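Enquirer: got a predicted structure plus its sequence, pasted below:
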Amino acid sequence: MSIMKEGLIKFWQKYEIKIITLVSLVLVALISFQGGYLKGKAAPESPLIIEKSIAYTETQNNKNASADYSSQIENNDKKENNSSQSKGIEEDKKCVFMGSKNSNKYHLPTCRYAKAIKAENLVCFTSKEDAEKQGYQPDASCIK
């Protein structure tokens with residue numbers, strides 16, 4: 001027994017500060033937890049109420065209204081693009097050559113300059129002779 005007692009005394013002397021520090025930390029943690037738990041139980045349970053101001057609600061409604069308006073504009077633009085594209089396809093069938101009211105050049109429908117002509121300025125020609133009769137000249141970059 002004396003060997004065990006001597007070993008225990010040596011162990012305590014070697015690790016005394018570390019053991020006391022560890023036990024102190026555990027006790028402080030337990031006391032803090034218990035104190036918080038008891039404080040939470042004592043607090044009355046009231047429902048959480050979130051209130052929005054009228055100004056906040058109105059700004060949100062205005063944002064939604066403007067978003068709806070912009071989406072309507074986008075949808076209308078898409079419809080117009082689709083209808084103008086279908087008109088352009090129909091006109092491509094009739095137009096062997098294309099020109100603009102604002103220019104004196106005529107182009108092939110596949111030419112990048114012909115694709116840039118606005119629908120309201122588009123002039124269609126069934127042949128080169130038809131275009132030249134109306135005073136148009138061939139575009140050198142499209143027609144060789």
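Expert: Cool, got the structure.

Enquirer: ok, residue 28 to residue 10 distance?
Expert: From residue 28 over to residue 10 the distance is 28 Å, taken as Cβ to Cβ, to the nearest Å. In this view, the C-beta of every residue, glycine as well, is placed from N, C-alpha and C.

Enquirer: can you check residue 36 too?
Expert: Computed as Cβ to Cβ, the residue 36 to residue 10 distance reads 40 Å.

Enquirer: how many residues are close by residue 52?
Expert: 8 (other Cβ atoms under 10 Å).

Enquirer: swap that for residue 23, please
Expert: With other Cβ under 10 Å as criterion, residue 23 counts 10.

Enquirer: helix, strand, or coil at it?
Expert: helix (DSSP: H, G, I helix; E, B strand; the rest coil).

Enquirer: measure it to residue 101 for me?
Expert: 97 Å.

Enquirer: please apply the same query to residue 31.
Expert: For residue 31 relative to residue 101 (Cβ to Cβ), the value is 91 Å.

Enquirer: and residue 137, by the same measure?
Expert: Separation of residue 137 from residue 101 (Cβ to Cβ): 15 Å.

Enquirer: quick one, which of these two is more surrounded?
Expert: More crowded of residue 137 and residue 101, by other Cβ under 10 Å: residue 137, with 13 against 10.

Enquirer: would you list the phi and psi of the more buried one?
Expert: Residue 137 has phi and psi values of phi -120, psi 150 when expressed as degrees, to the nearest 10.

Enquirer: quick one: contacts for it?
Expert: Contacts for residue 137 were tallied using Cβ atoms under 8 Å, 6 or more residues apart in numbering; they are 104-106.

Enquirer: doesn't residue 44 belong to a strand?
Expert: No. Counting by three-state DSSP, residue 44 is not part of a strand but coil.

Enquirer: quick one: contacts for it?
Expert: Contacts of residue 44 (Cβ under 8 Å, 6+ apart): none.

Enquirer: ranking helices and strands of this structure by mean pLDDT, which lands last?
Expert: Within the chain, confidence by mean pLDDT, DSSP states H and E is lowest for helix 54-94 among all helices and strands, at a mean of 53.
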